[in-house]
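Trainee: Return a 3D structure for these sequence lines:
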Amino acid sequence: MVRRLLSLISIGLGLEEDCLLKKLGEQPRQRAQANFYPPCPNPELTMGLNEHTDLNALTVLLQSEVSGLQVNKDGKWISIPYTSNAFVINLADQIEVCVIGELFLYSFTCFCSKKLHQFW
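Mentor: As a prediction, the model looks like this:
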């Protein structure tokens, strides 16, 4: 899936189809991680994740039904809604480096829910 995503992103940027794959290596490193956030009685007093960008090339997220993901665009936090049977794809720092600043990466964060469990 990652190889296909890199090809589609390359094409979308007007680059040759294999451009990002060549720059990142024919065997891009893949890592799996799961985050679990239990219900929180006072989510306004709890920090989910600090504002950040990811160091890798792509982050593929499968959100739970409780959306806590937000993107900072032009100084405003925008909530990313949950979509069933869909992935959220974050373009990360290595993609920015590969295309020499042609993209502007948005920072993001996530927050806790008062009533429901969250999985990332």
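
Trainee: if I look at Pro81, how far off is Asn72?
Mentor: Pro81 sits 16 Å away from Asn72, going by Cβ to Cβ, to the nearest Å. Every C-beta, even on glycine, is put in place using the N, C-alpha and C of the backbone.

Trainee: er, Asp93 I mean
Mentor: 15 Å.

Trainee: Low-confidence regions, this protein specifically.
Mentor: Within the chain, the ranges that satisfy pLDDT under 70 run 100-120.

Trainee: centroid residue for it?
Mentor: Asn90 (3.0 Å; Cα atoms, centre = their mean).

Trainee: Need the phi and psi values for that one.
Mentor: Phi and psi for Asn90, reported as degrees, to the nearest 10, are phi -100, psi 120.

Trainee: Next secondary structure after the longest helix along the chain?
Mentor: The residue-count maximum for a helix in the chain (DSSP state H) belongs to helix 2-12. Later in the chain than helix 2-12, the nearest helix or strand by DSSP states H and E is helix 19-24.

Trainee: Need the outlier residue of this structure, farthest from its centre.
Mentor: Quick read of the chain (Cα atoms, centre = their mean): farthest out is Pro41, 26.4 Å.

Trainee: which of the residues in the longest helix of the chain are buried?
Mentor: Neighbour-count burial for helix 2-12, with 16 or more other Cβ atoms under 10 Å as criterion, is recorded at Leu5, Leu6, Ser7, Ile9, Ser10.

Trainee: Kindly report the same for stretch 82-92.
Mentor: Quick answer for stretch 82-92 (16+ other Cβ under 10 Å): Val88, Asn90, Leu91, Ala92.

Trainee: Distance from the chain centre to that stretch, please.
Mentor: Remark: stretch 82-92 is offset 7 Å from the chain centroid, using Cα atoms, centre = their mean, to the nearest Å.

Trainee: Send over it as PDB, restricted to the C-alpha atoms.
Mentor: Output in PDB follows, covering the C-alpha atoms of stretch 82-92 (Å, rounded to 0.1, in the frame of the first residue of the first chain):
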ATOM      1  CA  TYR A  82     -14.200   9.900  11.300                       C
ATOM      2  CA  THR A  83     -15.000   8.100   8.100                       C
ATOM      3  CA  SER A  84     -15.800   4.400   8.300                       C
ATOM      4  CA  ASN A  85     -13.600   2.000   6.300                       C
ATOM      5  CA  ALA A  86     -11.100   4.800   5.400                       C
ATOM      6  CA  PHE A  87      -7.500   5.700   6.300                       C
ATOM      7  CA  VAL A  88      -6.200   9.200   7.000                       C
ATOM      8  CA  ILE A  89      -2.900   9.700   5.200                       C
ATOM      9  CA  ASN A  90      -0.600  12.300   6.700                       C
ATOM     10  CA  LEU A  91       2.300  13.500   4.400                       C
ATOM     11  CA  ALA A  92       5.200  13.800   6.800                       C
END
